[in-house]
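J.: this one's sequence-less:
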């Protein structure tokens, strides 16, 4: 082989290697540019209105299951069987609202940290397929550093993550989760607490805008009176529009993994 042919061959090999590297970089960049929404649907466990419609949605979501309700374990299992994810929807005392809204297994302000952990542990053991938890109500408890540190430490021992529903601007959970190295997210958008489908669709698009700007968003909706069938329909009406913008719907566990 002549020197000229040799150098041409070398140049060809180098060009091929460079093309492969550029392709790999393009693939990595495309992956880095992916945007995500984790939808959490609260209040499973009581055969509430909208349950069937939510389970039939063609997107991944995380269902938060109330403990101690008639259908808690059944709906935990159905969420998983239908390709979704189940977490514990731990009731916690709020500054306002009726005691009855907390259900049969809440964490209360009058409890000691160890008593709060006992309640949390009992609920997590009853719903033992859940991968994490979020708070149902809870403005009083999520402001209580002593209780929340004990609860989050117990969650870490169980390899659970925590999503703060952000029912108070004074929540102390983010700092505690950081101290404990506990996987943590917080809500960006509440989708419902209304039966106005246009408003819920608007909130879905708001979650999409946050995801496009920040890289991800966490949106919380509900089965039952807070949303239910209308929330399921609003999600069904808007998910494709958001996917067309490059947004992927993921479970909370998947989002935490992608954010590592």
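T.: Received the coordinates, thanks. These numbers come from a predicted model, not from an experiment.

J.: now stretch 210-230: buried residues?
T.: 210-212, 216-224, 226-230 (16 or more other C-beta atoms under 10 Å). From N, CA and C alone the C-beta is placed, and that goes for glycine too.

J.: quick one: the strands in this structure?
T.: Here the chain has its strands, by DSSP state E, at 35-44, 62-65, 85-92, 132-137, 161-164, 184-186, 189-190, 216-222, 247-250.

J.: and residue 89, how many neighbours?
T.: Other residues lying near residue 89 total 29 when counted by other C-beta atoms under 10 Å.

J.: and for the one 5 residues further on?
T.: Here the neighbour count serves as a burial measure; for residue 94 (other C-beta under 10 Å) it reads 22.

J.: show the pLDDT at the nearest residue to it once chain neighbours are set aside.
T.: Of all residues not flanking residue 94 in the chain, residue 137 sits nearest, at 4.1 Å (C-beta to C-beta, 6 or more residues apart in numbering). Looking at residue 137, its pLDDT is 97.

J.: quick check: residue 137 vs residue 66, distance?
T.: Look at residue 137 and residue 66: by C-beta to C-beta, to the nearest Å, they are 11 Å apart.

J.: which residues are contacting stretch 144-154?
T.: 107, 109, 111, 113-114, 116-117, 120-121, 141-142, 162, 172-173, 176-177, 179-180, 182 (C-beta atoms under 8 Å, 6 or more residues apart in numbering).

J.: at 10 Å what do you get?
T.: 90, 92-93, 107-109, 111-121, 124, 133, 135, 138, 140-142, 160-162, 164, 171-173, 175-177, 179-180, 182, 184 (C-beta atoms under 10 Å, 6 or more residues apart in numbering).

J.: go on, stretch 48-56?
T.: Against stretch 48-56 from outside (C-beta under 10 Å, 6+ apart): 39, 41-45, 61, 63, 66, 69, 71, 75, 78-79, 81-84, 192, 221-233, 235-236.

J.: what touches both of residue 137 and residue 66?
T.: 89, 90, 91, 102, 103.

J.: contacts only, for the last one.
T.: Under the criterion of C-beta under 10 Å, 6+ apart, the contact list for residue 103 reads 43, 45-46, 66-69, 72, 89-91, 136-137.
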